[in-house]
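1. Requesting a structural model of the entry that follows:
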Amino acid sequence: MIPPRLVYKAPSLKILDQRLLPHRVAYLSARDAAQTAKAIKDMVLRGAPLIGCAAAWGFPLELRAHPKTSWKHTLRLLSNASRVIKASRPTALALFYAADRMLEKASAFIAGRGKFSKKLYAGLIRELEREAARITAEDRKACARMGELGAALLKKNSVVLTHCNAGALATMGIGTAVGVITEAHARGKIKRAYSSETRPYLQGARLTIWELQRGGVPSQLITDNMAGHLMKTAGINAVIVGADRIAANGDTANKIGTYALAVLARYHGIPFFVAAPTPTIDLSLRTGGEIIIEERSSDEVTFINGRLVAPKGVTARHPGFDVTPAALITAIITEKGVIKPVSRLTVLKNLRG
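-> The predicted structure is shown next:
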């Protein structure tokens with residue numbers, strides 16, 4: 001079993017510290033929006049759906065930690081909380097989706113209640129807690145449905161490759177891309193799963209392979225630069241990844257290295273699947289060129305577990321994500337169905353259900 005990723009018990013949110021996995025299971029507590037945002041920024045938790053769920057819980061935490069005495073000041077507090085949470089990581093759309101949804105819920109509640117009172121303030125907190133719980137439940141349900149739809153796309157005895165961690169640790173459910181793999185395994189369809197290590201933060205090595213092992217999925221860890229060789233020699237017949245943001249035309253942002261895998265998959269004639277819930281799709285962006293790519297600290301490239309692995313004083317680039325063009329994606333698996341072929345028209349049709 002995968003440990004609980006988030007445990008809300010007012011007045012705090014316990015967050016599984018994924019920086020310590022797989023060697024240690026420990027939790028960090030957040031008591032307001034700023035602490036929730038810091039946990040997101042510092043990679044205590046990661047994965048677009050999970051980030052969104054944590055962001056939602058930051059709103060009732062903020063009201064409990066910093067109580068106000070008027071609706072005006074309450075809205076100001078929540079608006080500031082939304083800005084702080086959104087600033088924690090710029091690429092994952094689920095973060096913005098959850099923050100906007102929570103702020104809209106609060107605004108609607110306040111607009112319909114009239115004069116401020118302590119009783120109504122407590123009611124607002126409860127309403128935001130219910131909304132955060134709904135967002136969490138929706139994520140679990142979406143993951144389960146994507147697992148079913150994605151598993152149906154795979155042949156028996158499939159050899160698959162995944163990148164980064166798009167598993168249970170990235171969500172509150174069974175995961176997106178890894179959820180597809182574990183569901184396919186449960187149906188007897190997986191011969192072997194490969195997980196790339198995902199430099200520089202090693203989510204594949206630390207998290208995905210750990211999940212696959214715990215789920216009993218036949219699996220092996222590979223370094224990132226082994227992927228092309230294995231596509232050529234190891235019978236890989238599907239690449240399955242998650243997504244942090246998908247533009248209206250289907251261009252997809254995911255962990256750095258995903259684009260290279262898509263190019264390799266196309267060359268070798270291997271289907272390339274993206275599994276992501278619909279809150280990942282951003283219709284305000286026409287193409288992937290408009291997606292903001294987070295630049296993270298170069299220390300995450302030059303250090304591993306606190307140890308310098310490059311010459312002292314060297315500078316390094318660390319874009320956290322890259323964008324895979326829709327033309328390289330065989331299908332996008334959402335909880336509403338499979339988008340295939342991937343285009344502006346089919347993406348929109350999927351969202352409309």
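
2. now the end-to-end length of stretch 161-181.
-> 9 Å (CA to CA, to the nearest Å).

3. residue closest to the middle of the chain?
-> The centre of the chain sits closest to residue 48, judged by CA atoms, centre = their mean, with a distance of 2.1 Å.

4. which residues touch residue 63?
-> The contact partners of residue 63, taken as CB atoms under 8 Å, 6 or more residues apart in numbering, are 74, 77, 78, 121, 124, 125, 128. (Glycine included, C-beta is placed from N, CA and C.)

5. How much space separates it from residue 108?
-> Distance, residue 63 to residue 108, by CB to CB, to the nearest Å: 15 Å.

6. Residue 6 too?
-> 25 Å.

7. the more surrounded of the two?
-> More crowded of residue 6 and residue 108, by other CB atoms under 10 Å: residue 6, with 20 against 11.

8. Would you list the phi and psi of that one?
-> phi -130, psi 140 (degrees, to the nearest 10).

9. Kindly report the same for residue 48.
-> phi -50, psi -50.

10. is it true that it touches residue 97?
-> No: using CB atoms under 8 Å, residue 48 is not in contact with residue 97; the gap is 9.4 Å.

11. Show me how far the longest strand belonging to the chain is from its chain's centre.
-> Identified as the longest strand of the chain according to DSSP state E is strand 190-196. Centroid separation between strand 190-196 and its chain, computed with CA atoms, centre = their mean, to the nearest Å, is 20 Å.

12. quick check: mean pLDDT across the helix or strand that comes right after it?
-> Later in the chain than strand 190-196, the nearest helix or strand by DSSP states H and E is helix 203. Over the span of helix 203, the pLDDT mean works out to 97.

13. How about residues contacting helix 203?
-> For helix 203, the surrounding residues in contact (CB under 8 Å, 6+ apart) are 46, 164, 165, 255.

14. show me the contacts for the first one.
-> Spelled out, it's residue 46. By CB under 8 Å, 6+ apart, the contact set of residue 46 is 18, 40, 165, 170, 203.

15. Highest neighbour count among the residues you listed?
-> Going by other CB under 10 Å, residue 165 tops these with 32 neighbours.

16. Check whether it really touches residue 197, as I assumed.
-> No: in this structure, residue 165 is not within contact of residue 197 by CB under 8 Å, at 10.9 Å.

17. Spit out the residues that contact these two alike.
-> Contacts common to residue 165 and residue 197, judged by CB under 8 Å, 6+ apart, are residue 204.

18. now the farthest one out in this protein, which residue is it?
-> Quick read of the chain (CA atoms, centre = their mean): farthest out is residue 115, 39.1 Å.

19. Just the element for it, please.
-> Counting by DSSP H and E, residue 115 is found in no helix or strand.

20. where does it fall, phi/psi-wise?
-> phi -60, psi 140.

21. again, but for residue 304
-> phi -130, psi 120.

22. hmm, back to that, got JSON lines for the contacts of residue 46, with distance to residue 353 and secondary structure too?
-> Formatted as JSON lines, the contacts of residue 46 follow (distance: CB to CB, whole Å; DSSP: H, G, I helix; E, B strand; the rest coil):
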{"residue": "18", "distance to residue 353": "33", "secondary structure": "coil"}
{"residue": "40", "distance to residue 353": "30", "secondary structure": "helix"}
{"residue": "165", "distance to residue 353": "29", "secondary structure": "coil"}
{"residue": "170", "distance to residue 353": "24", "secondary structure": "helix"}
{"residue": "203", "distance to residue 353": "32", "secondary structure": "helix"}
